[in-house]
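Colleague: sequence and predicted structure are below.
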Amino acid sequence: GQNIDQPTEMTATEGAIVQINCTYQTSGFNGLFWYQQHAGEAPTFLSYNVLDGLEEKGRFSSFLSRSKGYSYLLLKELQMKDSASYLCAVRLTGGGNKLTFGTGTQLKVEL
Amino acid sequence: ETGVTQTPRHLVMGMTNKKSLKCEQHLGHNAMYWYKQSAKKPLELMFVYNFKEQTENNSVPSRFSPECPNSSHLFLHLHTLQPEDSALYLCASSQEGTRVTFYEQYFGPGTRLTVT
């Protein structure tokens, strides 16, 4: 089976840095996505990693280690609007674009 | 309209009703997906369509029946649902192909379904 683990909840302070971890054990791997989902809204794409290393995009960065089955999403200079659920998803091999999602990490940013 | 739209946004139905959810994508993509999102559970892939052909049915009960008349529209027909089917149903689309190197899925806002 496929297994993707993320912390259920995290709390951080406005202006701080937070790291959301994701570990995965899947039967194949063809890339890892991070999505942001505000309550009652559609998930929106944040980042994509298929090779080991760090991808930086503004305040958000994502890291991947395929040998360890591990990724993290780093959010810098936190803002109140960053309060949302952050979903880790693995794209499986075998053709098609099947994504397997973790349960998501609910991030609360406080003053 | 831009992106992926879904209607209705909210739906309450009885267990004996028949209803349909609609999804439309305005991105020129060739693949569309239905997902179910329940509280405290991961997003679950239900169905995948590539070029209007169903390529994935993730062991979904037959009371859920998808339809993809063209690459821009996707329906989910519902009949004799159970209370445990209450969830957020999300539609997504993406561009597939051998020359595509980036497989981001774009999601619609979802239909919040309540089965009474």
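Modeller: Looks like it came in fine.

Colleague: count of residues packed around B:Asn70?
Modeller: When neighbours are counted by other CB atoms under 10 Å in any protein chain shown, B:Asn70 registers 9. No exception for glycine: its C-beta is placed from N, CA and C like everyone else's.

Colleague: so what sits opposite it in the bridge?
Modeller: Listed by DSSP bridges, the beta-bridge partners for B:Asn70 are B:His73.

Colleague: touching stretch B:26-33 from outside, list them.
Modeller: Contact partners of stretch B:26-33, identified using CB atoms under 8 Å, 6 or more residues apart in numbering or on different chains, comprise A:96-97, B:1-5, B:23, B:25, B:45-51, B:68, B:71-72, B:74, B:91-97, B:105-106.

Colleague: stretch B:49-59 too?
Modeller: Under the criterion CB under 8 Å, 6+ apart, residues A:96, A:98, B:30-33, B:44-48, B:66, B:68-71, B:74, B:96 lie in contact with stretch B:49-59.

Colleague: helices and strands of the chain: which one has the lowest mean pLDDT?
Modeller: Reading this off chain A. When the helices and strands of chain A are scored by mean pLDDT, DSSP states H and E, strand A:99-101 comes last with a mean of 91.

Colleague: look at chain B instead
Modeller: Quick look at chain B via mean pLDDT, DSSP H and E: least confident is strand B:53-57, a mean of 78.

Colleague: how about the residues of chain A by chain B?
Modeller: A:4, A:31, A:33, A:35, A:40-45, A:48, A:87, A:89, A:91, A:96-104 (CB under 8 Å from any CB of the partner chain).

Colleague: is the residue nearest the centre of chain B in a bridge, and if so with what?
Modeller: Centroid check for chain B by CA atoms, centre = their mean gives B:Trp34 as the closest residue, at 2.6 Å. Going by DSSP bridges, B:Trp34 is paired in beta bridges with B:Phe47, B:Cys91.

Colleague: that one and A:Phe63: what is the separation?
Modeller: 31 Å (CB to CB, to the nearest Å).
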